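# return a 3D structure for these sequence lines:
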Amino acid sequence: MIEHTDITILGTTTLKNKLGITDPQQLATTEADFTAFRVTELRTAPVRGGFDSVHLQEIHHHVYQDLYDWAGELRRVDAGNRPASDVATSLNAVFDRLARENHLKGRSPEEWSHSVSTYIYELGTIQPFLTGNDVVVREFADELARKNNLSLQWDTAPEIGTNDAMRHIDQLEQSANIRRMVMLAMDTDPGSLRPSRGMVVEREIERLFSAGSPLP
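I've put the predicted structure just below:
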């Protein structure tokens, strides 16, 4: 894991990066371009793994390897009100449950979307990495879908209203809007998978995570 003093360029709020970029807007633009390329690679050569913390970290490393020395490392810096101290513990709890559910194998598309929506939300609220959680969680869901002979076409999913994202409900309930995105993105024919940056969905997932609560 990494410490707070490791993450920003001295005198700026910009994350330290391999390219030496000091302007946050320039870094954001460059990050979008670099990660889009790496995400496209995953369409034909996904990161194979056990759908656990190591697998998630390997996805993050692949996507952000061009930008950050700490790509793939779990954060040690608090993210809002989410302490870093329990990141690994929280992840292990989620992935242990996913393993007990046999990685959602044998479920109907509707049942699968219902379950995966929970995992998308929970992984996002943990915020395992300093940046890129929305992108990595989406990729993780993509690979979980392929394991179940499904595919997710995120570019078919609509943008979700931000007012809904601010409504708080019981933490144990599903995010209906995340589930709706998954259902609309789902393609039961994995052979039809096509490259997509999925940027609209990534923005919406990121906003949902930032809201701090699932949707009704």
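# name the nearest residue to D142, ignoring sequence neighbours.
Sequence neighbours aside, L152 is the residue nearest to D142 in space, at 5.4 Å (criterion: C-beta to C-beta, 6 or more residues apart in numbering). For glycine as for every other residue, the C-beta is placed from the backbone atoms N, C-alpha and C.
# mind listing what's buried along the lengthiest helix in the chain?
Using DSSP state H, we find that the single longest helix of the chain is helix 24-44. If you call a residue buried by 16 or more other C-beta atoms under 10 Å, then helix 24-44 has these buried ones: L27, T30, E31, F34, T35, A36, R38, V39, L42.
# could you dump the residues you listed into TSV with pLDDT added?
Formatted as TSV, the buried residues of helix 24-44 follow (pLDDT from 0 to 100):
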residue	pLDDT
L27	95
T30	96
E31	95
F34	96
T35	95
A36	93
R38	96
V39	93
L42	92
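# would you turn the residues you listed into JSON lines with distance to K16?
Formatted as JSON lines, those follow (distance: C-beta to C-beta, whole Å):
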{"residue": "L27", "distance to K16": "10"}
{"residue": "T30", "distance to K16": "14"}
{"residue": "E31", "distance to K16": "13"}
{"residue": "F34", "distance to K16": "15"}
{"residue": "T35", "distance to K16": "17"}
{"residue": "A36", "distance to K16": "21"}
{"residue": "R38", "distance to K16": "19"}
{"residue": "V39", "distance to K16": "22"}
{"residue": "L42", "distance to K16": "25"}
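# tell me the one among those residues nearest to A99.
Of all the buried residues of helix 24-44, A99 sits closest to L42, with 22.1 Å by C-beta to C-beta.
# how many neighbours does the nearest residue to that closest one once chain neighbours are set aside have?
Using C-beta to C-beta, 6+ apart and skipping residues adjacent in sequence, the residue nearest L42 is E139, 6.0 Å away. By the measure other C-beta atoms under 10 Å, the count of residues near E139 is 26.
# between the strand or helix carrying V137 and helix 24-44, how many degrees?
Assigned by DSSP states H and E, V137 falls within helix 133-147. Helix 133-147 and helix 24-44 meet at an angle of 10 degrees, taking axes from the mean of the first three to the mean of the last three C-alpha atoms, to 10 degrees as the criterion.
# who does the very next helix or strand once past helix 133-147 pair up with?
Downstream of helix 133-147, the first helix or strand assigned by DSSP H and E is strand 151-152. Strand pairing for strand 151-152, using DSSP bridges, gives strand 186-187 (antiparallel).
# where does pLDDT dip in this protein?
Within the chain, the stretches with pLDDT under 70 are 1-6, 80-82, 155-181, 183-216.
# 90 instead?
Scanning the chain for pLDDT under 90 picks out 1-14, 43-44, 75-86, 108-110, 113-114, 117-118, 121, 124-125, 130, 150-216.
# so where do the helices sit in it?
24-44, 53-64, 87-100, 109-126, 133-147, 162-165, 176-185, 199-211.
# number of residues surrounding the residue nearest to D142?
By the measure other C-beta under 10 Å, the count of residues near L152 is 29.
# now do E122
As a burial measure, E122 scores 19 neighbours (other C-beta under 10 Å).
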